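[1] sequence and predicted structure, then a few things I'm wondering about:
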Amino acid sequence: MAFGNITGILLEEIIAIKGKLRMNLSRLVVPSRSFSASAVRNAAINQVTVIGSGLMGAGIAQVAAQTGHKVNLVDLNDDVLKKAENSIKTSVSRVAKKQFKDDTEKGNKFIDETLTNITYMTDNNRSVATADLVIEAIIENVEIKRKLFSSLDKAAPSHTIFASNTSSLPIKDIAESTTRLDRFGGLHFFNPVPVMKLLEIIRIPETSDATYNKMVEWGKNMGKVTVTCKDTPGFIVNRLLVPYMMEALRMLERGDASARDIDTSMKLGAGYPMGPLELADYVGLDTSYYIVKGWAEKYPDNTLFENVPLLEKLIKEGKFGVKSGEGIYSYKK
């Protein structure tokens with residue numbers, strides 16, 4: 001069951017909020033090459049293939065390469081891959097500048113080793129020939145993901161673990177396109193991957209303990225804090241975040257309080273950095289709509305996923321939030 005062609009993944013779009021949250025990036029520690037090298041040597045996962053070189057895929061590939069893994073980054077054509085390569089080079093240089101600000105030589109070595117660890121490819125099947133782990137980070141469409149994994153299932157070695165980075169689609173629906181349900185799981189990163197520390201690891205009932213343990217070990221070797229979740233809609237973060245925004249919209253729709261008062265209450269009363277309606281505008285009202293719509297279709301009895309007429313009205317009016325200049329609030333200058 002497809003949730004629709006979601007043009008922007010919820011947590012990917014929250015990158016726009018980072019300035020609002022006033023994150024102190026200088027305090028975030030990027031795993032050093034020296035730390036990771038020994039860990040990776042002892043890890044079960046060394047060779048990683050990332051399918052999709054967009055914002056998420058490139059970020060995953062970068063962090064894997066920074067932590068000593070050999071990475072194949074795959075996309076449709078060389079032009080797309082060149083754009084990803086340039087983005088990764090810029091990002092790695094930024095990391096090196098912060099990580100090795102007092103040692104230029106070590107910084108340059110870090111950059112060279114990281115970039116050397118990444119190979120750019122356009123052949124899906126060839127890219128997985130020696131992979132220990134394959135991570136898919138393509139468009140949020142279940143049928144496209146199923147078609148991809150079905151093809152990769154025939155090309156990858158039997159020991160290879162498959163994982164999807166989806167933030168809203170059921171892992172089991174994707175995994176069933178393969179013959180390796182025991183070697184399938186979800187690895188949900190958060191954007192920007194080089195900065196955000198969290199990694200949600202999702203198990204389906206068939207995921208073996210060996211597979212799960214390898215994913216956890218690999219996540220830690222990537223320098224991430226790992227949390228585990230069953231294959232439930234939205235996993236942990238989105239499952240809590242999306243209904244929260246929807247309930248705020250329902251309050252506004254009923255006239256219980258103004259948008260500004262709802263947001264002010266959650267910021268000053270609960271200590272949140274942003275109010276739920278501000279957050280909805282930054283995430284994209286259309287993005288939230290398609291996610292909830294998909295969940296409602298699959299779980300029609302769950303009242304948390306019920307339609308919000310106000311949200312549908314705003315979308316029909318072309319008000320998607322910050323990206324369109326108007327949503328719940330106006331952002332036109």
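    Looks like it came in fine.
[2] from here on, contacts and neighbour counts on C-alpha atoms
    Fine.
[3] stretch 139-149: which residues count as buried?
    139-143, 145-146, 148-149 (16 or more other CA atoms under 10 Å).
[4] all helices of the stretch 51-200 of the chain, in order?
    Using DSSP state H, counting those that start in this stretch, the helices assigned to the stretch 51-200 of the chain run over residues 55-66, 78-99, 104-116, 124-127, 142-155, 171-175.
[5] which of these sits closest to V283?
    helix 55-66 (15.5 Å; CA to CA).
[6] okay, buried residues for that closest one please.
    For helix 55-66, by 16+ other CA under 10 Å, it's 55-66.
[7] now stretch 83-96
    84-85, 87-89, 91-93, 95-96.
[8] tell me the one among the residues you listed nearest to L198.
    Using CA to CA, V95 is the member of the buried residues of stretch 83-96 that lies nearest L198, at 18.0 Å.
[9] picking up where we left off before, out of the helices of the stretch 51-200 of the chain, which comes closest to V227?
    helix 171-175 (16.0 Å).
[10] can I get the closest one in PDB, CA atoms only?
    Output in PDB follows, covering the C-alpha atoms of helix 171-175 (Å, rounded to 0.1, in the frame of the first residue of the first chain):
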ATOM      1  CA  ILE A 171       9.100  -1.700   6.500                       C
ATOM      2  CA  LYS A 172       7.300  -5.000   6.200                       C
ATOM      3  CA  ASP A 173       5.500  -3.800   3.000                       C
ATOM      4  CA  ILE A 174       8.900  -3.100   1.400                       C
ATOM      5  CA  ALA A 175      10.700  -6.200   2.800                       C
END
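[11] which other helices and strands contact it?
    In terms of contacts (3 or more CA pairs under 8 Å, 6 or more residues apart in numbering; DSSP states H and E), helix 171-175 is packed against helix 142-155, strand 184-189.
[12] ok, and what's touching that helix?
    Under the contact criterion CA atoms under 8 Å, 6 or more residues apart in numbering, helix 171-175 has outside partners 1, 142-143, 145-146, 149, 164, 181, 184-186, 202, 204, 231.
[13] can I get the buried residues of helix 55-66 in a markdown table including distance to K267?
    Output for the buried residues of helix 55-66, formatted as a markdown table (distance: CA to CA, whole Å):
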| residue | distance to K267 |
| --- | --- |
| L55 | 29 |
| M56 | 29 |
| G57 | 33 |
| A58 | 33 |
| G59 | 30 |
| I60 | 32 |
| A61 | 35 |
| Q62 | 34 |
| V63 | 33 |
| A64 | 36 |
| A65 | 38 |
| Q66 | 36 |
